[in-house]
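[1] The sequence isn't on hand, but the structure is:
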């Protein structure tokens, strides 16, 4: 309606009454779980999503779906009895919406160990039909990822690799040279629901979540089980 009024050249005056307020900080925590690597336990492939959401809606899409597939990826690998060479770690970030506080806290605590972080991944841009992986890394690492994705994910039509990764909480790692990835999915409707009352469980589809979980699990496991870390 506002767009149509503007198109007609009408002057629009909007009055907003805001009830939001800032409260004092309270203690919160990231949630972390891992499968210890069989050969290089100190080297890490990390998958992640964030647990907090805006006060409206249910936060199912932003970022319940991303948190779910990150947890489910390790759960699937564990259920299959698989144990890659490197440690697989899931981190469910706290306080992303207030300014990446959980992600920054993790970075500050673990950045001294950056040489052992092989790949960091984050799903925070929807869990609709998966198409592949968005990736940030050098040319050699990109070639390796292209080969993995095009080979292992073609059966579920998720074999695309594009650049760069679309991330928030893991941005510090990528800025400092660690290869990073995000879920590439058909999220053309993402901003119809984003940070709104419409972000409810009805947005999520169980079959699509299974496919996204498969993408996350396959990529995380495949990279963690390579003999060498991704080039930087």
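    Looks like it came in fine. Source: prediction; values computed, not measured. Numbering: from 1, shown residues only.

[2] Break down the protein into its helices, ranges please.
    Listed in chain order, the helices found in the chain under DSSP state H are 2-7, 65-79, 101-110, 139-152, 171-175, 190-193, 206-224.

[3] Least confident secondary structure element in this protein?
    The weakest-scoring helix or strand in the chain, judged by mean pLDDT, DSSP states H and E, is helix 2-7 (a mean of 92).

[4] can you list contacts of that one?
    Helix 2-7 has contacts (CB atoms under 8 Å, 6 or more residues apart in numbering) with residue 12. C-beta coordinates here come from the backbone N, C-alpha and C atoms, glycine included.

[5] got the contact list for the nearest residue to residue 117 once chain neighbours are set aside?
    Excluding the flanking residues, the one nearest residue 117 by CB to CB, 6 or more residues apart in numbering is residue 178, at 4.9 Å. Residue 178 is in contact with 114, 117, 118, 119, 120, 232, counting by CB under 8 Å, 6+ apart.

[6] neighbours of the third one, just the number please.
    So that's residue 118. Residue 118 has 24 neighbours, counted by other CB atoms under 10 Å.

[7] tell me the contacts of it?
    For residue 118, the contact set (CB under 8 Å, 6+ apart) comprises 43, 44, 45, 86, 178, 179, 223, 224, 229, 230.

[8] Mind putting those into a markdown table with pLDDT?
    Below are the contacts of residue 118 laid out as a markdown table (pLDDT from 0 to 100):
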| residue | pLDDT |
| --- | --- |
| 43 | 99 |
| 44 | 99 |
| 45 | 99 |
| 86 | 99 |
| 178 | 99 |
| 179 | 99 |
| 223 | 99 |
| 224 | 99 |
| 229 | 99 |
| 230 | 99 |
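
[9] For the residues you listed, which entry has the maximal number of neighbours?
    residue 45 (30 neighbours).

[10] ok, now which ones touch the spatially closest residue to that residue that is not a sequence neighbour?
    The shortest distance from residue 45 to any non-neighbouring residue, by CB to CB, 6+ apart, is to residue 224 (4.1 Å). For residue 224, the contact set (CB under 8 Å, 6+ apart) comprises 37, 45, 84, 85, 86, 87, 88, 118, 119.

[11] any idea how far residue 36 is from residue 224?
    Residue 224 sits 11 Å away from residue 36, going by CB to CB, to the nearest Å.

[12] if I look at those two, which residues touch both of them?
    Here residue 224 and residue 36 have residue 87 as joint contacts, going by CB under 8 Å, 6+ apart.

[13] Of the helices of the chain, which shows the lowest average pLDDT?
    Lowest mean pLDDT within those: helix 2-7, at a mean of 92.

[14] can you tell me the distance between the two ends of stretch 14-23?
    Using CA to CA, to the nearest Å, one end of stretch 14-23 lies 27 Å from the other.

[15] So for it, what gets flagged as buried?
    By neighbour count with 16 or more other CB atoms under 10 Å, stretch 14-23 contains no buried residues.

[16] Please compute how far that stretch lies from its chain's middle.
    30 Å (CA atoms, centre = their mean, to the nearest Å).

[17] mean confidence score for it?
    88.
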